[in-house]
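# pasting the structure only:
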């Protein structure tokens, strides 16, 4: 039986959610407001160290950081990822699908897609490609370190699950602090990765029981970033 902490949103929960694109622009997160530090380097050849998200996502991140600083003036959001091109997302999902097919034998097509989606989001449900998802943690500017979350961003495996039980109480509290300030601004958590939150995408719509997502896939080839 699947452990409770591994219960996460499935591909079947989100893939058929409709999208009502609201036309919101993409903006670059300011390094004056946030600590910007890519952990995965695939966007750097395209955009340098700039991280792009939808405008409302940016405003909500600023509000989350304001709340965080009221808790500890030395804390700051460290943003490690925002928008990802659909082409790169597709390559990640295809690689995950190959891994899924190597890991398990005799699964149905639907089961393979679900397994692959648990490792890398299906392109029709991904939040990064619509500008609605961010990967982030909390930076302690006084001590010049990330606070202890029990693992690093993109350190996959069981320990990546937000509610993974085999970490210290302090690490659990830190994860829940991040979750609290993000959810207070309307973000949806992805419980399979403690660092991943989204607003306006299909996962957000499913989590918050919205009739449709707000953001559709952003094609970087035809886009002017602000």
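Thanks, I have it. Being a predicted model, the structure only gives us computed values, none of them experimental.

# which element follows the strand or helix carrying residue 176 toward the C-terminus?
Following DSSP states H and E, one finds residue 176 within helix 169-183. Going down the chain from helix 169-183, the next helix or strand is strand 188-189, by DSSP H and E.

# Contacts for that next one, please.
For strand 188-189, the external contacting residues (Cβ atoms under 8 Å, 6 or more residues apart in numbering) are 162, 179, 182-183, 196-199, 203-204, 206-208. C-beta: built from backbone N, CA, C; applies to glycine.

# again, only using 7 Å
162, 179, 182-183, 197-198, 203-204, 207-208 (Cβ atoms under 7 Å, 6 or more residues apart in numbering).

# now the next helix or strand after that strand: how far from the chain's centre is it?
Next along the chain after strand 188-189, taking DSSP H and E as the criterion, comes strand 196-198. Here strand 196-198 is found 3 Å from its chain centre; the criterion is Cα atoms, centre = their mean, to the nearest Å.

# try stretch 143-154
Taking Cα atoms, centre = their mean, one finds stretch 143-154 lying 16 Å from the centre of the chain it belongs to.

# Please shift the residue numbers so they start at 748 in all later answers.
Yes, from this point I'll number from 748; that puts the last item at stretch 890-901.

# First-to-last residue distance for that stretch?
22 Å (Cα to Cα, to the nearest Å).

# What residues sit buried inside it?
Burial within stretch 890-901, assessed by neighbour count using 16 or more other Cβ atoms under 10 Å, is assigned to 893-898, 900.

# which residues does the residue positioned nearest the centre of the chain bridge with?
The residue lying closest to the centre of the chain (Cα atoms, centre = their mean) is residue 943, at 2.9 Å. Residue 943 forms beta bridges with residue 882, as assigned by DSSP bridges.

# Go ahead and confirm it touches residue 884.
No: Residue 943 is beyond contact range of residue 884, at 10.7 Å (criterion: Cβ atoms under 7 Å).

# list the contacts for residue 848?
So residue 848 contacts residue 859 (Cβ under 7 Å, 6+ apart).

# Wait, a helix at it?
Yes: with DSSP: H, G, I helix; E, B strand; the rest coil as the criterion, residue 848 is located in a helix.

# Check the gap between it and residue 757 for me.
Distance, residue 848 to residue 757, by Cβ to Cβ, to the nearest Å: 18 Å.

# need the contact list for residue 810.
Residue 810 touches residue 932, counting by Cβ under 7 Å, 6+ apart.

# pLDDT score for it?
Note on residue 810: pLDDT of 98.

# That one: which element?
According to DSSP H and E, residue 810 maps onto helix 802-818.

# just so I have it, where are all the strands in the chain?
For the chain, the strands defined by DSSP state E cover 773-775, 782-783, 799-801, 822-828, 880-887, 892-893, 935-936, 943-945.

# closest one to residue 750 among those strands?
strand 935-936 (17.4 Å; Cβ to Cβ).

# how far does the closest one sit from the chain's center?
With Cα atoms, centre = their mean, you get 8 Å for strand 935-936.

# and what of stretch 770-777?
For stretch 770-777, the distance to the chain centre is 16 Å (Cα atoms, centre = their mean).

# For that stretch, which outside residues touch it?
783, 797-803, 805, 826, 829-830, 878, 962, 965, 970, 972-973.

# One more pass at 10 Å, please.
783, 794-806, 808-809, 824, 826, 829-830, 877-879, 881, 947, 961-963, 965, 967, 970-973 (Cβ atoms under 10 Å, 6 or more residues apart in numbering).

# Thanks a lot, catch you later.
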